[in-house]
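[1] the following comprises the amino acid sequence and a computationally predicted model.
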Amino acid sequence: MKIGAMELIVIFIVALLVIGPDKLPSYARKFGSAMKAFREASSDLTQEFRESVVDPLEEAQKPLREAMEPLEEINKEIRDNVKGVERDLNSIGKKKKDSKEPEKKDTDAAEEAVPEEAPAEPTPEAAAPVEETESSENAKADDAAQENAE
């Protein structure tokens, strides 16, 4: 709470009217000495409170803060990595505005690695006609037996 010049003038006028001009200086001195004693007492209490409560708490918090520093660094690194992944996921499929060429996808790189002129060689299974073997005949017989049982 601040007291401005207008408030001081009002207080002075009221005190002058109530106390009187001859007793006002002695009361002002008493008020000044009371304010000085109040300030000293409050500063002593503040200092005592600081020494008995605040300083021990700060000393107790110091090791905890030191222990938290590596965790905070790890947290920051993880958040940075997550933001990077989010940016990468958001940019998938989008063209870069600054580049003149469209971005190549990983599938394009894989297709470029295989020469297009090389003819595809037929595999032996594809070239040979499919013949029914005994195992496939047995499987068909089992299926038919199951259908008859139902």
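    Here it is on my side, so go on.
[2] what about L24, how many residues close to it?
    Per other Cβ atoms under 10 Å, the neighbour tally for L24 reads 14. Just so you know, the C-beta spots here come from the backbone N, C-alpha and C atoms, and that holds for glycine as well.
[3] so it sits right up against A15, yeah?
    Yes. Shown here, L24 and A15 form a contact pair, counting by Cβ atoms under 8 Å, at 6.3 Å.
[4] export stretch 67-78 as CSV, just CAs?
    The C-alpha coordinates for stretch 67-78 follow below in CSV (Å, rounded to 0.1, in the frame of the first residue of the first chain):
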residue,chain,number,x,y,z
ALA,A,67,19.5,-35.2,-9.3
MET,A,68,16.8,-33.8,-11.6
GLU,A,69,19.1,-32.1,-14.1
PRO,A,70,19.9,-35.4,-16.0
LEU,A,71,16.2,-36.3,-16.1
GLU,A,72,15.3,-32.8,-17.4
GLU,A,73,18.0,-33.1,-20.1
ILE,A,74,16.6,-36.6,-21.1
ASN,A,75,13.1,-35.1,-21.1
LYS,A,76,14.2,-32.3,-23.4
GLU,A,77,16.0,-34.7,-25.8
ILE,A,78,12.9,-36.9,-26.0
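[5] pLDDT on it, on average?
    In this model, stretch 67-78 has a mean pLDDT of 93.
[6] now do stretch 41-61
    The pLDDT scores in stretch 41-61 average 90.
[7] next, the distance between the ends of it.
    For stretch 41-61, the first-to-last residue distance is 29 Å (Cα to Cα, to the nearest Å).
[8] list the buried ones in that stretch?
    Buried positions in stretch 41-61, judged by neighbour count with 16 or more other Cβ atoms under 10 Å: none.
[9] which phi and psi does I92 have?
    When read as degrees, to the nearest 10, the backbone of I92 gives phi -70, psi 130.
[10] what's the spacing between it and V85?
    Computed as Cβ to Cβ, to the nearest Å, the I92 to V85 distance reads 11 Å.
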